[in-house]
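1. Fold the following, please.
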Amino acid sequence: MLDATVTLASLSPPAVDDTALARAAAGGDVHAFERLYRRHAPRLNALLWRLCGGNAARAEDVLQETFILAWRKLPQFRFESALGTWLHRMAVNTALMELRASAAFESLDIGESGMEVLTGMADVTRCHATGLDLERALQTLPPRARAVLVLHDIEGWKHHEIAEELQMAVGSSKAQLHRARGLLRARLGDA
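-> Next up, the predicted model:
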């Protein structure tokens, strides 16, 4: 029998936590900030991709704007929440500001024509690509309805938080969510 104690620390090099990296980055350490970027960018990019309607270039632009803003504001970060939470909120705010500034956010509503977009896409067997079908259908939603659906159903925000962030009434947030869910059901072929 082996008579040795193996600790978790001896199995892998110690991981530097977000707090230590954030403090170093706030002090100007570019390498620490790069590690934060690599750690948080994939999750934020997935969120931004959804908020931007599947437009990868737009999501990447918003991600870059988010991290530029984070670099500038990191010295003011008070560590009252997790760094990931702070970055997440900053990414959502940046995306929503970009969407609000876009004329498409207020006026573009592909509505029923979104069905044509789905019809024109490659036909895939549903059991193999249900997630892909959902992502494609999500891309066809009107921007405001998509934003409410992503924030509520995927990110877990409450209607009062969404209403405040999107500068709308709570009732409008609920109505947009209902609309988005109905459009998704229709586009995915559910009765």
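2. count of residues packed around residue 42?
-> Neighbour count for residue 42, taken as other CB atoms under 10 Å: 9. Where C-beta positions appear, they are placed from N, C-alpha and C, glycine not excepted.
3. That one and residue 179, how far apart?
-> 30 Å (CB to CB, to the nearest Å).
4. what's near enough to touch the most centrally placed residue in the chain?
-> Nearest to the mean C-alpha position of the chain, by CA atoms, centre = their mean, lies residue 47 at 1.7 Å. Residue 47 is in contact with 88, 91, 92, 95, 150, 154, 155, counting by CB atoms under 8 Å, 6 or more residues apart in numbering.
5. ok, residue 138 - how many residues close by?
-> Residue 138 has 22 nearby residues by other CB under 10 Å.
6. my read: it touches residue 184, true?
-> Yes - using CB atoms under 8 Å, residue 138 is in contact with residue 184, at 7.0 Å.
7. how much space between the closest residue to residue 157 other than its chain neighbours and residue 180?
-> With sequence-adjacent residues excluded and distances taken as CB to CB, 6 or more residues apart in numbering, residue 157 is closest to residue 151, at 4.3 Å. To residue 180, residue 151 is 11 Å away according to CB to CB.
8. How about residue 143?
-> From residue 143 to residue 180 the distance is 11 Å (CB to CB).
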